[in-house]
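[1] sequence below, structure please.
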Amino acid sequence: MQCIRCQREPKEIQEYVDQANEMEMSPHEYVRMDEGTYDIRTDMFCCTKCYVQMGAPLLINLLDMYENVIPFEAKK
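    Predicted coordinates:
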């Protein structure tokens, strides 16, 4: 699991580490549970910083981006 743009994992992003600690779970679990840009099919998300820098795209546009970075074999 990583951000589509900066390639950082949730454990590398302080925002998710802090929220996960408050909820007594791992940063990965927190992103899966509470990150609105997370996609279960691709196991990808867009961190807040990148999301804002990208101009806050609609979720459908993000999901299209996620699909395009997954190797063809992983889509099967």
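[2] nearest residue to the spatially most central residue of the chain other than its sequence neighbours?
    In the chain, the residue lying closest to the centroid (C-alpha atoms, centre = their mean) is Phe45, at 1.6 Å. Nearest residue to Phe45, sequence neighbours excluded (C-beta to C-beta, 6 or more residues apart in numbering): Tyr38, at 4.2 Å. C-beta: built from backbone N, CA, C; applies to glycine.
[3] wait, that neighbour touches His28, no?
    No - taking C-beta atoms under 8 Å as the definition, Tyr38 is not a contact partner of His28, at 10.1 Å.
[4] more crowded one of those two?
    Tyr38 (19 against 15; other C-beta atoms under 10 Å).
[5] list the contacts of the residue nearest to Phe45.
    Counting by C-beta atoms under 8 Å, 6 or more residues apart in numbering, Tyr38 touches 31-32, 44-45.
[6] pull out the buried members of these.
    Among the contacts of Tyr38, those classed as buried by 16 or more other C-beta atoms under 10 Å are 31-32, 44-45.
[7] now go through those residues and say which are in helices.
    Counting by DSSP state H, those place 31-32 in helices.
[8] state the pair within the buried ones among the contacts of Tyr38 that is farthest apart.
    With distances taken as C-beta to C-beta, the most widely separated pair in the buried ones among the contacts of Tyr38 is Arg32 and Met44, at 11.2 Å.
[9] mutual contacts of those two, please.
    Joint contacts of Arg32 and Met44 (C-beta under 8 Å, 6+ apart) are 1, 38.
[10] using CSV, list the CA coordinates for the longest helix along the chain.
    The helix that spans the most residues within the chain, counting by DSSP H, is helix 59-69. This file holds the C-alpha atoms of helix 59-69, laid out as CSV (Å, rounded to 0.1, in the frame of the first residue of the first chain):
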residue,chain,number,x,y,z
LEU,A,59,-12.6,9.9,-6.6
ILE,A,60,-13.6,8.4,-10.0
ASN,A,61,-10.6,10.2,-11.5
LEU,A,62,-8.3,8.9,-8.8
LEU,A,63,-9.5,5.3,-9.3
ASP,A,64,-8.8,5.6,-13.0
MET,A,65,-5.2,6.7,-12.1
TYR,A,66,-4.8,3.8,-9.7
GLU,A,67,-5.9,1.3,-12.4
ASN,A,68,-3.4,2.7,-14.8
VAL,A,69,-0.4,2.1,-12.5
